[in-house]
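J.: Can you look at this prediction? I've put the sequence above it.
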Amino acid sequence: MAGSAGDVYYDTYNVEINADPYPVYRRLREEAPIYYNETHDFFAVSRYEDVERGLLEAPTYISGKGGIIELIKADIEIPPGVLIFEDPPTHTTHRRLLSRVFTPRRVAELEPKIRELCAHSLDPLVGEDNFDFIADLGAQMPMRVIGMLLGIPESDQEAIRDHVDDNLRTNEGEPMNVAEGFVTGAIFADYIEWRGKHPSDDIMTELLNAEFTDENGTVRHLTREELLTYLEVIAGAGNETTTRLIGWTGKVLAEHPDQRAQLVEDRSLIPNAIEELLRYESPAPHVGRCVAKEDLIVHGEKVPSGSIMLFLLGSANRDDRRFPDGDNFDIHRKDGRHLTFGNGIHLCLGAALARLEGCIALEEVLARFPKWDVDLDKARLSPTSTVRGWETLPAYVR
């Protein structure tokens, strides 16, 4: 059996591994390119080629049972509208609808507001000798941006963020508890009622009024349940990736001061630096799928139908076969596309927004604090097995 006892061990819930998974990822790529964990009953592939190909094979590795181990095992009915946990044709219909309201034009128009929100968070800190990349920026700006997009009143945006965070939070070393079901979006019910009577230029209003042809050929509007779930998913996705990206930006650039200095001198390097940060420290280290219909043979090992397959994005992004010296951070890297935002039909719709927020956040930090050190003794990783990033990341200005 792949990855049998005595060989390399990988566990998504292991706190020590999660603190620095890259040595284990390297061993997986070299020693167990198809890995099986008996304790939690999942398979995993870790090489770029396997992860890239697997994410493209949507009919073979289905999303409709969920994207995390706990959810796939629970075998519960996932509400319509959880785009990332759907298969065609339902997924095709819902993705097309969301693409209509999450356009490149809408994202590009956000730049002045994102910059204003960064300034609002950072300006009061100028002259201080310390700040926290998460508390002072990462937990603030992305939440305000997605709240504004959705049409959530500013006074309620922190409560929505905390609600989303609580859904993702786990006890250290333990699986997520999905026994009581999945997201319902009920927290958004009152906002929908309000927006129905007070339309505005926001995604909630557009989704309320959007007319589309569903997978059965019926022309209709979203049901209330679908709309609630859509809003829950958008709110979560809009907060998580960018918050984690901002935290990793603070840590990685503190560890590479020479490259940080280059960014201070030449801001044109920032977009590529953000791509390298996304590759180097993937906010979503893995994504799960369920093997559909028939048994598979992967690297000579049998993967039975119905098995859970984890695609280790964080490992694929460090694979030397695709990214030479993959464990080295290099803002000048030109090696090609990372898999942080996925691949294929589930390629992240919010990738452009996350990139824009990451670039602006870095520009605004560097404009005020060109040098900093992080205090890892006081920093704390977020306790969740689904994303990887900092819950607190104190920094000292130099």
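T.: Good, I have the coordinates. Small disclaimer: the values here were computed from a predicted structure and weren't measured.
J.: And stretch 26-44, what's buried?
T.: For stretch 26-44, a neighbour-count test (16 or more other CB atoms under 10 Å) marks 26-29, 32-37, 40, 42-44 as buried. Just so you know, the C-beta spots here come from the backbone N, C-alpha and C atoms, and that holds for glycine as well.
J.: I'd like to know which of these are part of strands.
T.: Those of the buried residues of stretch 26-44 mapping onto strands are Ile34, Tyr35, Tyr36, Asn37, Phe42, Phe43, Ala44, per DSSP state E.
J.: Adding pLDDT and distance to Ser382, write the residues you listed out as a markdown table.
T.: What follows is those, written out as a markdown table (pLDDT from 0 to 100; distance: CB to CB, whole Å):
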| residue | pLDDT | distance to Ser382 |
| --- | --- | --- |
| Ile34 | 98 | 29 |
| Tyr35 | 97 | 24 |
| Tyr36 | 97 | 27 |
| Asn37 | 96 | 22 |
| Phe42 | 97 | 21 |
| Phe43 | 98 | 26 |
| Ala44 | 98 | 21 |
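J.: which one of these is nearest Glu225?
T.: Comparing these against Glu225 with CB to CB places Phe42 closest, at 30.0 Å.
J.: all strands for the stretch 51-200 of the chain, in order.
T.: With DSSP state E, counting those that start in this stretch as the criterion, the stretch 51-200 of the chain has strands at 61-62, 130-132.
J.: if we compare those strands, which one ends up closest to Ile192?
T.: Across the strands of the stretch 51-200 of the chain, closest to Ile192 is strand 61-62 (CB to CB), at 30.1 Å.
J.: which stretches of the stretch 1-150 of the chain form helices?
T.: Chain-ordered helices for the stretch 1-150 of the chain, with DSSP state H, counting those that start in this stretch as the definition, fall at 15-19, 22-31, 48-56, 69-74, 90-101, 104-108, 111-122, 141-150.
J.: most tightly surrounded among these?
T.: Among those, the stretch with the highest mean neighbour count (mean count of other CB atoms under 10 Å) is helix 141-150, at a mean of 23.
J.: which among the buried residues of stretch 26-44 gets closest to Ser385?
T.: Within the buried residues of stretch 26-44, the smallest distance to Ser385 is 10.1 Å, found for His40 (CB to CB).
J.: any idea how far the residue nearest to the spatial centre of the chain lies from Val101?
T.: Centroid-nearest residue in the chain, with CA atoms, centre = their mean: Thr241, separated by 4.0 Å. For Thr241, the distance to Val101 equals 19 Å [CB to CB, to the nearest Å].
J.: how about low-confidence regions in the stretch 51-200 of the chain?
T.: Per-residue confidence of the stretch 51-200 of the chain (counting by pLDDT under 70) places the weak regions at 164-184.
J.: and with 80 instead?
T.: Of all residues in the stretch 51-200 of the chain, those with pLDDT under 80 make up the ranges 79-81, 101-102, 155, 157, 159-186.
J.: list the buried ones in the lengthiest helix in the chain?
T.: Using DSSP state H to assign secondary structure, the helix with the most residues in the chain is helix 224-255. For helix 224-255, a neighbour-count test (16+ other CB under 10 Å) marks 226-254 as buried.
J.: tell me the pLDDT at the residue lying closest to His221 once chain neighbours are set aside?
T.: In space, not counting the residues next to it along the chain, His221 is nearest to Glu211; the distance is 6.0 Å by CB to CB, 6 or more residues apart in numbering. The predicted structure scores Glu211 at 90 on the pLDDT scale.
J.: Now do the contacts for Glu211.
T.: When the contact criterion is CB atoms under 8 Å, 6 or more residues apart in numbering, the partners of Glu211 are Val219, Arg220, His221.
J.: Give me the phi and psi for the nearest residue to the second one once chain neighbours are set aside.
T.: Closest residue in space to Arg220, ignoring its immediate chain neighbours: Asp214 at 6.1 Å, by CB to CB, 6+ apart. Reported as degrees, to the nearest 10, the phi and psi values for Asp214 are phi -80, psi -180.
J.: Of the helices of the stretch 1-150 of the chain, which is nearest Thr340?
T.: Proximity to Thr340 (CB to CB) singles out helix 48-56 among the helices of the stretch 1-150 of the chain, at 11.1 Å.
J.: Keeping just the C-alphas, turn the closest one into PDB.
T.: The C-alpha atoms that make up helix 48-56 are tabulated as PDB, following Å, rounded to 0.1, in the frame of the first residue of the first chain:
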ATOM      1  CA  TYR A  48       3.000  19.400  -9.700                       C
ATOM      2  CA  GLU A  49       2.200  17.200 -12.700                       C
ATOM      3  CA  ASP A  50      -0.100  15.000 -10.800                       C
ATOM      4  CA  VAL A  51      -1.900  17.800  -9.000                       C
ATOM      5  CA  GLU A  52      -2.300  19.900 -12.100                       C
ATOM      6  CA  ARG A  53      -3.700  17.000 -14.100                       C
ATOM      7  CA  GLY A  54      -5.900  15.800 -11.300                       C
ATOM      8  CA  LEU A  55      -7.600  19.200 -10.900                       C
ATOM      9  CA  LEU A  56      -8.400  19.200 -14.600                       C
END
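J.: Fine by me, thanks again.
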